[in-house]
Every structure is written in structure tokens, then in C-alpha cells.
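In: Build me a model:
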Amino acid sequence: MSMVSKLKRKIISTKKTGFSEEFKKIHLFQGNLFDRIVNDKKATNLYTDKLKSGVNVCLTFEHDESQKVKYHFKYNSDRLLLLRGTSINNKMVISENSIPDFAISAKPLNANCKPAWIPQHGSVSGVTTRNEIDIICNVSYFTINQSFCAVNPNEPNEIMWKHHVTHKVTVDKPYLEISNQIEIVQDTEINRMYLTMLPANSKNVNHLYLSNGIMYDKIPNDGVEIKFNENISSAMYVGGRKNGLFNAIAVGSDSEKESSVVTFREDGITKFYVNEFCGIARKGAIFKNTQRIACVSGLEIPDLISIN
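Out: Below is the predicted model of the structure:
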């Protein structure tokens with residue numbers, strides 16, 4: 001890279017970072033943002049629509065105004081049935097072009113290859129094998145139970161771990177619960193492991209609140225990644241203001257980790273991540289996590305205003 005190119009890259013990077021920080025503020029409320037918007041809400045209806053490539057799960061319930069939340073599940077090339085977008089009253093708030101279920105970049109420890117993302121990211125497939133799936137659906141709850149073995153496509157005969165993931169939506173607890181359990185089969189080099197994520201459609205949200213009191217009062221599309229060296233157990237994106245009411249999507253997790261990441265991507269997606277693990281996972285190690293994703297409309301949030 002020439003000196004001129006390096007200088008241009010540095011200027012662009014500086015500009016992007018400054019653009020995101022311009023919208024950083026502090027809000028009054030600090031605590032579990034997921035619990036704040038869910039409270040004791042219950043759905044009045046739950047039904048499913050079968051699609052050619054997956055299934056839609058729709059929750060309908062009343063609080064301040066009529067609400068329909070749809071969770072859209074689709075199969076990927078490796079035949080995993082994963083969340084692909086969520087809508088509130090037909091407005092897509094969780095992006096269909098992102099993966100919130102889990103994301104792990106890994107390779108067998110002694111393999112001479114690059115880490116690969118599991119589940120499938122982009123055109124790289126063949127990262128899961130021995131897939132098993134069981135779908136249970138009735139008027140009260142919808143559950144997807146899936147088990148598989150994780151492999152790196154460059155070493156397809158070397159199983160890294162056994163993985164079980166459950167997706168569940170119920171009438172009594174009207175949110176999506178995603179539980180992951182991982183048992184390491186051989187020593188594995190993990191580049192990144194995310195088991196708590198919330199991807200938002202940046203066209204339909206305009207605020208981001210974090211449980212540590214930080215907020216962004218605008219969602220930029222500048223490609224910046226911001227790292228927090230502290231545990232942030234919940235996050236909430238807000239948008240669609242109407243007569244003082246908001247649409248909101250929030251994630252809460254039982255994971256307590258030391259760092260989190262927020263990205264303001266240039267492709268219309270903004271995403272909150274919790275870093276679960278990075279390093280060498282030894283044979284026999286077990287990772288467990290449950291995250292909960294809720295979507296609510298007609299929400300009043302007077303104490304989440306900025307104080308600076």
C-alpha cells in the first residue's frame with residue numbers, strides 16, 4: 001500500500017470513528033433493558049405459517065395498541081433452521097440478512113487451515129454435519145430442537161464440538177428464547193464466539209440503549225466497530241416514534257462476560273454482540289448460554305432520555 005493510500009485510509013477511519021462518537025450520550029435508566037420492556041406481557045394468540053424454505057411464527061397480543069410480532073425462520077444450505085428476521089406489525093426490525101442465533105469462528109487446534117464461521121456465513125457452507133431437528137408446535141408454544149456436529153470445511157472429518165440449540169416462543173412469555181449448549185470434542189482454536197446477539201435493521205431504528213447507561217441517539221451506517229471492556233448484559237434498539245410511543249427490540253442474556261461489541265455496519269445492519277470466549281477450548285469443555293429477544297410496540301420510555 002502506498003503512502004498516499006495509507007494516509008487516505010487513516011483519514012477515512014478517523015472520520016468514521018468521530019461520526020459514531022458524535023451521537024454517544026448517557027441515559028438516565030441503567031439496568032436490565034430486556035426486563036424493562038417485557039414485564040408481565042402475555043400474548044393472546046400464537047400461530048405458524050409454513051414456508052417453502054422455513055416457517056413463520058406469529059405472536060399477537062395487546063398492551064397499548066394491537067401488535068403482531070413475526071419471527072421468520074429459514075433453512076440455510078447446511079439444513080439448520082435459524083432465525084432470519086423479525087417484524088413488528090409488518091415492519092422488519094431485526095434484519096433478515098444477519099445471524100443472531102450463534103456465531104463461532106473456529107478450527108481444530110492443530111489443523112493447518114483458517115478458522116471458519118459456524119453456522120454458515122455467506123457462501124461458505126459444509127460447517128455442520130449429523131444434523132437432527134425436531135419441531136413442536138401447538139397453540140401455546142413453538143419449539144425447534146436441533147443437534148449437530150461442528151466442523152471446519154477445510155477439515156470436514158475433524159469434529160470440533162457437539163452442539164445443541166433450541167428456539168422457543170410461548171404465549172405466556174412472548175419473546176424468542178435461544179439456548180445453546182456446546183461440548184468440545186477435540187482441542188479447538190476459537191477465534192470468536194458469540195452466543196448473545198441482536199441485529200437490527202438500521203432503517204427502522206434510530207436509538208440504541210445499553211444497560212451500562214450509554215446510548216446512541218442516531219444509528220449511523222459508517223462501518224465502525226465499538227468495543228466495550230465491561231459486561232453489558234442487555235441492549236435495546238428503538239424506533240418508529242408515534243405520538244410519544246416507540247417500537248423496541250431488546251436482548252437479555254444469562255451470560256456475564258467481560259466485553260461487548262457494537263457495530264454500525266454499512267449494509268443497513270447494526271448489531272450488538274457479547275464476547276463469550278476467545279482462545280483454545282480444550283476437549284471436554286462445555287459452553288452454555290440462553291439469550292432472549294423481545295419485540296414490543298407502543299412503548300413509553302420517558303426515563304431513557306439523554307441527560308447530556
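
In: For Lys52, give its distance to Phe148.
Out: In this view, Lys52 and Phe148 are 22 Å apart by CB to CB, to the nearest Å. The C-beta positions use only the backbone N, C-alpha and C, and glycine is treated the same way.

In: Settle it for me: which of these two has more neighbours?
Out: More crowded of Lys52 and Phe148, by other CB atoms under 10 Å: Phe148, with 23 against 6.

In: right, and the secondary structure at the more buried one would be what?
Out: At Phe148, secondary structure determined by DSSP: H, G, I helix; E, B strand; the rest coil is strand.

In: from what I can see Met193 touches Gly279, true?
Out: No - between Met193 and Gly279 there is no contact under CB atoms under 8 Å: 9.4 Å.

In: These two: who's more crowded?
Out: Met193 (23 against 10).

In: element containing that one, please.
Out: Per DSSP states H and E, Met193 falls inside strand 188-201.

In: What pairs with that strand, parallel or antiparallel?
Out: For strand 188-201, the pairing partners within the sheet under DSSP bridges are strand 103-108 (antiparallel), strand 269-281 (antiparallel).

In: Pipe those strands into a markdown table and attach distance to Leu198 and mean pLDDT per row.
Out: Below are the strands paired with strand 188-201 laid out as a markdown table (distance: least, CB to CB, whole Å; pLDDT from 0 to 100):
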| stretch | distance to Leu198 | mean pLDDT |
| --- | --- | --- |
| strand 103-108 | 12 | 97 |
| strand 269-281 | 5 | 93 |
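
In: can you tell me which of the ones you listed comes nearest to Asp40?
Out: strand 269-281 (24.8 Å; CB to CB).

In: which is the next helix or strand following the closest one?
Out: Scanning forward in sequence from strand 269-281 by DSSP H and E, the next helix or strand is strand 286-299.

In: Just the CA coordinates for that following strand, please, in PDB.
Out: Extracted C-alpha coordinates of strand 286-299, given in PDB (Å, rounded to 0.1, in the frame of the first residue of the first chain):
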ATOM      1  CA  ILE A 286     -18.800 -27.100  27.900                       C
ATOM      2  CA  PHE A 287     -20.300 -23.700  27.000                       C
ATOM      3  CA  LYS A 288     -23.900 -22.900  27.800                       C
ATOM      4  CA  ASN A 289     -25.900 -19.700  27.300                       C
ATOM      5  CA  THR A 290     -29.500 -18.600  26.900                       C
ATOM      6  CA  GLN A 291     -30.500 -15.300  25.300                       C
ATOM      7  CA  ARG A 292     -33.900 -13.800  25.000                       C
ATOM      8  CA  ILE A 293     -35.100 -11.500  22.200                       C
ATOM      9  CA  ALA A 294     -38.300  -9.400  22.600                       C
ATOM     10  CA  CYS A 295     -40.100  -7.100  20.300                       C
ATOM     11  CA  VAL A 296     -42.700  -4.600  21.600                       C
ATOM     12  CA  SER A 297     -44.700  -1.700  20.000                       C
ATOM     13  CA  GLY A 298     -46.400   1.200  21.700                       C
ATOM     14  CA  LEU A 299     -43.700   1.600  24.300                       C
END
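
In: So which elements touch that strand?
Out: Packing partners of strand 286-299 (3 or more CB pairs under 8 Å, 6 or more residues apart in numbering; DSSP states H and E): helix 33-38, strand 66-75, strand 81-88, strand 91-94, strand 176-184, strand 188-201, strand 245-253, strand 269-281.

In: Could you give the bridge partners of His207?
Out: Under the criterion DSSP bridges, His207 forms beta bridges with Val238.

In: and stretch 172-191, average pLDDT?
Out: Stretch 172-191 shows a mean pLDDT of 95.

In: If you count neighbours, what's buried in it?
Out: Going by neighbour count (16 or more other CB atoms under 10 Å), the buried part of stretch 172-191 is 173-182, 184-186, 188-190.

In: quick check, nearest of the residues you listed to Tyr209?
Out: Tyr175 (17.1 Å).

In: ok, now how distant is the closest one from His167?
Out: 11 Å.

In: got it, and Tyr141?
Out: Remark: distance between Tyr141 and His167 (CB to CB) = 11 Å.

In: do the same with Ile118
Out: Note on Ile118: its distance to His167, by CB to CB, is 17 Å.

In: Also Val55?
Out: 10 Å.

In: same question, Val224
Out: Distance, Val224 to His167, by CB to CB: 30 Å.

In: Which one of the two is surrounded by more residues?
Out: Shown here are Val224 and His167; by other CB under 10 Å, His167 has more neighbours (22 against 19).
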